[in-house]
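please find the sequence and the predicted model below.
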Amino acid sequence: MPIHVEVVSQERKLFDEPHADMVIVPGVEGVLGILPRHTPLLTTMTFGELRVKKGGAEESFIIYGGVVEVRPDKVVVLADAADFTADVNLAEIEAARERARKVLDEGPPPEEHAHYAAELRRAELAINVARKTRSRAGGVRIVSQMDEPDKK
Amino acid sequence: MASAREIKRRIGSVKNISQVTRALEAVSASRVRRAQEQVLNSRPYAEKAWEVLVNVATATGANEHPLLAKRDGIQTIDIVLVTSDRSLCGAYNNNIINVAERFAASFQNGQHVRWITVGRKGRDYLARRGKNIIAEFHNLPTPLSIASIAPIGNLVVEDFLSGTVDAVFLAYTDFVNMLVQRPAVINLLPLQRFSPENMVQQELLKAEPDATTAGRDYLYEPNASAILDEIIPRFTTLEIYQALLESNASEHSARMVAMRNASESAIALAADLTLEYNKARQLAITSEILDIVGGVNALQQTQDKATLKAADQFIKDVGGELLADKRAERSTSARHN
């Protein structure tokens, strides 16, 4: 029995795979591996990596917090923001991290501090996840037949 | 009938207008595509988040979170009115303002209505009527981001939590397709189904989706209220975000259609005017010819007698000479023969 996975961020729908085998979610209480027929569960997610496995292929996402709803046949990932790990441009993100770090070192105005701290946190997460997936060599991405977002 | 020159000037200005409207149509066409994409992209999240919220709220009980709590005896309401900054978009602004005003008027138990406007047109309209506008937002960035509209959400959430208002509604325009946009009112706060007090409200309020997963027992990690805390504060902002995207797409498609109609009528008007211009020109020529002919006739009549006399004399003189010539010619040619 396969499991239906949807990954949706506040700004777009990223992924829709009706026949996945396993989903690995960055839950607040720790990483969760979800197989089909999982008991209904609602949990919040921290910053981390989301992985969807199907056969020999795997898709990786960077999740910047959110909520995940698990039903026996379906997993709905509601991310505050999310990216395909494969879309991450390491050089660009590293440059962004350096910029954020520099601003934080120089002591930005207090009202901007949170913004740059968040920026730094996001960049570091993206770099970690991207490096990790790249070292897991031979990763085959899932060819998703993503549905057209349904029109009203 | 106006003179040909006047009509020609009008044709010129009508053609100018049609050029402007065609340019505006093209601009809106490209914007509407982008706006539509954005709306369709963010709809799934809004729908799913609502589903999750309803599930958790029913599981935990209504009073788990202050934003969920319904209040008895509504005293003050806020209405967030979403309109466009610019005009030239057909009946778009009128429609939504109309609906919002009817909705506001439907509270008849002396409730105090306060307005928050998003978009210049709604603000201008309400200000002219002397309505109570407590905040206004306009010139929002495109593409719209969640961060840029957070102040709107924070404002209503704060007012609601402090007890200044008892309910918040949002009036915006749902994007159905390029030709159909539907003005709608939704209940923003509290995050509970609002029970309409009368027929008008029943009619204007958009139906909210039902919780499809009622009765399912969830495990909550770490616990239900932590998840509520996670979802609820974002949800209001998200609803506003979605409404603004819908309105934005509606505005651009309304403008595109309005501009297309304007271009078409400008072209039709130019054609009519050209016909009129030709008629006027022909009329002018005809009357000029008539003038000349008339003049000639009049001249002839006065000169006729004298002319006839002179002509007679001329014919006699010249004719006599000619006749003599002819005779001479004939006699010489006869001689030659």
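Perfect, thanks for sending it.

which parts of the chain are strands?
Assuming you mean chain A. A:3-9, A:13-20, A:22-27, A:30-34, A:41-54, A:57-71, A:74-79, A:82-84 (DSSP state E).

switch to chain B, please.
Under the criterion DSSP E, chain B contains strands at B:76-82, B:112-118, B:133-137, B:167-175, B:181-189, B:219-221.

out of these, which gets nearest to chain A?
Chain A lies closest, by Cβ to the nearest Cβ, to one member of the strands of chain B: strand B:219-221, at 3.8 Å. Heads up, the C-betas are built off the backbone N, CA and C, glycines and all.

show me what that closest one is packed up against.
strand A:41-54 (3 or more Cβ pairs under 8 Å, 6 or more residues apart in numbering or on different chains; DSSP states H and E).

quick one: buried residues of the strand it packs on?
For strand A:41-54, the buried set under the neighbour-count rule, 16 or more other Cβ atoms under 10 Å in any protein chain shown, comprises A:41-45, A:47-54.

quick check: bridge partners of residue A:66?
residue A:45, residue A:79 (DSSP bridges).

picking that back up, okay if I get the strands of chain A as TSV plus mean pLDDT and distance to residue B:132?
Converted to TSV, the strands of chain A look like this (pLDDT from 0 to 100; distance: least, Cβ to Cβ, whole Å):
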stretch	mean pLDDT	distance to residue B:132
strand A:3-9	91	37
strand A:13-20	89	40
strand A:22-27	93	46
strand A:30-34	91	50
strand A:41-54	90	39
strand A:57-71	89	37
strand A:74-79	90	37
strand A:82-84	89	41
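
right, so of those, which gets closest to residue B:94?
Comparing those against residue B:94 with Cβ to Cβ, the closest turns out to be strand A:13-20 (33.6 Å).

anything in the closest one near chain B?
Yes: against chain B, strand A:13-20 shows contacts by Cβ under 8 Å from any Cβ of the partner chain at residue A:13.

can you list the strands that that strand pairs with?
strand A:3-9 (antiparallel).

quick one: distance of the strand it pairs with to the chain centre.
Centroid separation between strand A:3-9 and its chain, computed with Cα atoms, centre = their mean, to the nearest Å, is 11 Å.

same check, this time on stretch B:288-303
58 Å.

what do you get for stretch B:162-174?
Distance, centroid of stretch B:162-174 to centroid of chain: 26 Å (Cα atoms, centre = their mean).

show me which residues of that stretch are buried.
B:165-174.

take the buried residues of strand A:41-54 and lay them out in CSV including distance to residue A:98.
Compiled in CSV, the buried residues of strand A:41-54 are given as follows (distance: Cβ to Cβ, whole Å):
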residue, distance to residue A:98
A:41, 39
A:42, 38
A:43, 34
A:44, 30
A:45, 27
A:47, 19
A:48, 23
A:49, 22
A:50, 26
A:51, 28
A:52, 31
A:53, 34
A:54, 36
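
spatially, which two of those are the most separated?
A:44 and A:54 (25.2 Å).

so which bits of stretch B:170-186 are buried?
Residues of stretch B:170-186 classed as buried by neighbour count (16+ other Cβ under 10 Å): B:170-175, B:178, B:181-186.

before we move on, what about stretch B:99-113?
Buried residues in stretch B:99-113 (16+ other Cβ under 10 Å): B:99-104, B:106-107, B:111, B:113.

now do that stretch: distance to the chain's middle.
The answer for stretch B:99-113 is 26 Å, by Cα atoms, centre = their mean.

quick check: residue B:74 touching residue B:112?
No: using Cβ atoms under 8 Å, residue B:74 is not in contact with residue B:112, being 9.6 Å away.

how many residues are close by residue A:128?
Look at residue A:128: counted by other Cβ atoms under 10 Å in any protein chain shown, it has 14 neighbours.

tell me the pLDDT of it.
Looking at residue A:128, its pLDDT is 85.

separation between it and residue A:121?
As defined by Cβ to Cβ, to the nearest Å, residue A:128 lies at a distance of 11 Å from residue A:121.

interface residues of chain A facing chain B?
Checking chain A against chain B by Cβ under 8 Å from any Cβ, the hits are A:6, A:8-13, A:27-29, A:39-44, A:67, A:69, A:71, A:76, A:78, A:80, A:149, A:151-152.

could you rerun that using 7 Å?
A:8-13, A:27-29, A:39-44, A:67, A:69, A:76, A:78, A:149, A:151-152 (Cβ under 7 Å from any Cβ of the partner chain).

pLDDT weak spots in the stretch 51-200 of chain B?
B:59-64 (pLDDT under 70).

now do the helices in it.
Using DSSP state H, counting those that start in this stretch, the helices found in the stretch 51-200 of chain B span residues B:92-105, B:120-128, B:146-161, B:199-204.

now do the shortest one: distance to the chain's middle.
Here the centre of mass of C-alpha atoms in helix B:199-204, compared against the chain's by Cα atoms, centre = their mean, lies 25 Å away.

one more: the first one?
How far helix B:92-105 lies from its chain's middle: 15 Å, per Cα atoms, centre = their mean.

what's in contact with that helix?
B:79, B:81-84, B:113, B:121-122, B:125, B:169, B:171-173, B:181, B:183, B:185, B:200-201, B:204, B:250-251, B:254 (Cβ atoms under 7 Å, 6 or more residues apart in numbering or on different chains).

try it again at 8 Å.
B:79, B:81-84, B:87, B:113, B:119, B:121-122, B:125, B:169, B:171-173, B:181, B:183-185, B:200-201, B:204-205, B:247, B:250-251, B:254-255, B:258 (Cβ atoms under 8 Å, 6 or more residues apart in numbering or on different chains).

relative to residue B:248, how far out is the one residue in the stretch 1-150 of chain B that gets nearest to chain A?
Proximity of the stretch 1-150 of chain B to chain A (Cβ to the nearest Cβ) peaks at residue B:41, 3.9 Å away. Residue B:41 is 13 Å from residue B:248, where distance means Cβ to Cβ.

quick one: which of those two has more around it?
Between residue B:41 and residue B:248, counting by other Cβ under 10 Å, residue B:248 is the more crowded of the two (27 against 18).

how about the nearest residue to residue B:262, chain neighbours excluded?
Distances taken as Cβ to Cβ, 6 or more residues apart in numbering or on different chains place residue B:21 nearest to residue B:262, at 4.2 Å, with adjacent residues excluded.

tell me the contacts of the one you found?
Contacts of residue B:21 (Cβ under 8 Å, 6+ apart): B:259, B:262-263, B:266.
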